[in-house]
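J.: coordinates only, no sequence provided:
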């Protein structure tokens with residue numbers, strides 16, 4: 001197949017964001033498919049745009065990467081922008097993606113991955129221009145996810161985004177959802193269940209692994225002999241990391257000085273979090289800037305457990321990279337997200353669920369695990385076994401390959 005793959009935030013393992021598109025694209029290219037990736041070449045882009053040109057071409061592991069001069073490539077940058085400014089950037093990317101995409105040669109299928117939501121408009125435009133099927137990947141339900149965490153409350157904006165989402169869902173020949181809850185939300189918008197396939201985020205089993213030496217990374221973090229819990233990812237409103245700072249304050253008050261919390265990443269709320277930690281006078285919180293995926297793997301290896309933390313909300317449908325990478329690393333997981341993620345962790349005995357409204361629950365779980373090395377070892381072994389059994393990215397990429405091939409086989413040209 002000739003696949004036109006659209007992802008504004010595309011990054012390889014040398015980038016500082018999720019690598020799902022890179023891993024899937026690399027797998028597809030290795031299977032003999034021609035994969036062209038359209039991405040943003042601006043603002044911290046791994047593949048920068050050429051000066052005074054609308055786009056620039058790169059080759060990477062069998063992929064043809066086209067970076068375009070619109071929007072931004074690092075999703076963390078958006079956490080510091082107003083909603084309207086971000087949406088304007090998203091539409092600029094979608095518009096230029098269509099203009100550039102028309103010049104890249106006719107694909108057999110267009111595959112666009114969201115977030116952001118307007119990337120689906122680019123997918124519609126290019127699939128209609130070339131008269132080929134359009135497959136849309138939903139990594140987050142908009143506007144529901146934004147409303148649930150309090151990031152969006154404007155009724156007009158909510159109506160507009162819901163209308164856009166329904167438009168894209170209906171235009172797509174097939175939809176990939178990253179969690180069962182996302183599929184439920186799409187079906188609830190009036191889409192037939194058989195039109196939606198769940199392919200969750202996957203685990204990078206070769207990059208994150210139990211045997212990786214993290215001693216040098218641990219030394220760089222200054223952890224000493226303390227029991228270390230690491231959060232790695234964005235630091236925006238939706239992530240709710242004030243919860244972690246409050247848990248650190250509680251641990252400090254209890255004199256649990258053998259426990260340290262590592263916050264790895266960047267985003268619009270990082271400065272506030274650092275200020276809060278300073279205000280409390282905490283010495284048990286370590287901040288580290290975002291890093292490429294290989295460095296993140298070493299930093300995770302240098303810690304004892306991983307945190308999957310989000311702002312308390314009415315419901316969660318997310319499928320966060322950080323959880324699946326933690327499983328691959330063979331680390332116990334402390335998670336404050338209810339729903340399918342909680343069930344996955346608890347049913348497979350690879351961590352603990354903690355109440356998202358009670359930072360005391362996180363502090364208590366950290367104390368429990370820090371005092372039971374045998375328990376941590378068992379939970380970590382279960383985590384790695386789950387990653388290998390259920391979330392091997394190669395198996396998930398093969399599912400995507402079949403979805404794309406089925407869309408091509410079923411497509412009837414408008415002729």
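T.: Right, received. Where do you want to start? A quick note: this is a predicted structure, and the numbers were derived from the prediction, not measured.
J.: quick one, helices of the stretch 201-350 of the chain?
T.: In the stretch 201-350 of the chain, the helices defined using DSSP state H, counting those that start in this stretch lie at 215-221, 242-253, 270-280, 293-301, 321-328, 340-347.
J.: lowest-confidence helix or strand of this structure?
T.: Sorting the helices and strands of the chain by mean pLDDT, DSSP states H and E puts helix 75-78 at the bottom, at a mean of 73.
J.: for the helices of the stretch 201-350 of the chain, which one sits closest to residue 22?
T.: Shortest separation from residue 22 across the helices of the stretch 201-350 of the chain is recorded for helix 293-301, at 9.0 Å, computed as CB to CB. Heads up, the C-betas are built off the backbone N, CA and C, glycines and all.
J.: what packs against the closest one?
T.: For helix 293-301, the packing partners by 3 or more CB pairs under 8 Å, 6 or more residues apart in numbering; DSSP states H and E come out as helix 215-221, strand 227-232, strand 259-264, helix 321-328.
J.: swap in 10 Å and give it another go.
T.: Contacts defined by 3 or more CB pairs under 10 Å, 6 or more residues apart in numbering; DSSP states H and E place helix 293-301 against helix 215-221, strand 227-232, strand 259-264, strand 285-288, helix 321-328.
J.: just the angle between it and helix 321-328, please?
T.: Helix 293-301 and helix 321-328 are oriented at 60 degrees to each other (axes from the mean of the first three to the mean of the last three CA atoms, to 10 degrees).
J.: list the buried ones in helix 293-301?
T.: Taking 16 or more other CB atoms under 10 Å as the neighbour-count basis, helix 293-301 is seen to contain the buried residues 293, 295-301.
J.: same question for stretch 27-47.
T.: Of the residues in stretch 27-47, those buried (16+ other CB under 10 Å) are 27-29, 33-42, 44-47.
J.: equivalent analysis for stretch 400-415, please.
T.: Residues 400-401, 403-404, 406-408, 411 are the ones in stretch 400-415 that count as buried (16+ other CB under 10 Å).
J.: let me have those in CSV, adding pLDDT as columns.
T.: Written out in CSV, the entries for the buried residues of stretch 400-415 read as follows (pLDDT from 0 to 100):
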residue, pLDDT
400, 98
401, 98
403, 98
404, 98
406, 97
407, 97
408, 97
411, 88
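J.: make a markdown table from those and add distance to residue 393 to it.
T.: Supplementary listing: the buried residues of stretch 400-415 in a markdown table, determined by distance: CB to CB, whole Å:
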| residue | distance to residue 393 |
| --- | --- |
| 400 | 10 |
| 401 | 12 |
| 403 | 15 |
| 404 | 16 |
| 406 | 20 |
| 407 | 21 |
| 408 | 22 |
| 411 | 27 |
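J.: nearest to residue 7, of those residues?
T.: Top of the list for closeness to residue 7, among the buried residues of stretch 400-415 and by CB to CB, is residue 400 at 12.9 Å.
J.: wait, that closest one touches residue 198, no?
T.: No. The pair residue 400 and residue 198 fails to qualify as a contact (CB atoms under 10 Å) at a distance of 11.4 Å.
J.: what touches both of those two?
T.: Here residue 400 and residue 198 have residue 176 as joint contacts, going by CB atoms under 10 Å, 6 or more residues apart in numbering.
J.: excluding covalently adjacent residues, which one is nearest to residue 237?
T.: In this structure, residue 237 finds its nearest non-sequential neighbour in residue 151, 5.2 Å apart by CB to CB, 6 or more residues apart in numbering.
J.: sorry, slip of the keys, the one I care about is residue 186.
T.: If the residues on either side of it in the chain are set aside, residue 186 comes closest to residue 196, at 5.3 Å by CB to CB, 6+ apart.
J.: Three-state assignment for the residue nearest to residue 237, please.
T.: State at residue 151, reduced to three classes by DSSP: H, G, I helix; E, B strand; the rest coil: coil.
J.: pull the number of nearby residues for it.
T.: Here the number of neighbours of residue 151 (other CB atoms under 10 Å) works out to 15.
J.: okay if I get the helices of the stretch 201-350 of the chain as a markdown table plus distance to residue 233?
T.: Rendered in a markdown table, the data for these read as follows (distance: least, CB to CB, whole Å):
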| stretch | distance to residue 233 |
| --- | --- |
| helix 215-221 | 16 |
| helix 242-253 | 12 |
| helix 270-280 | 11 |
| helix 293-301 | 9 |
| helix 321-328 | 5 |
| helix 340-347 | 14 |
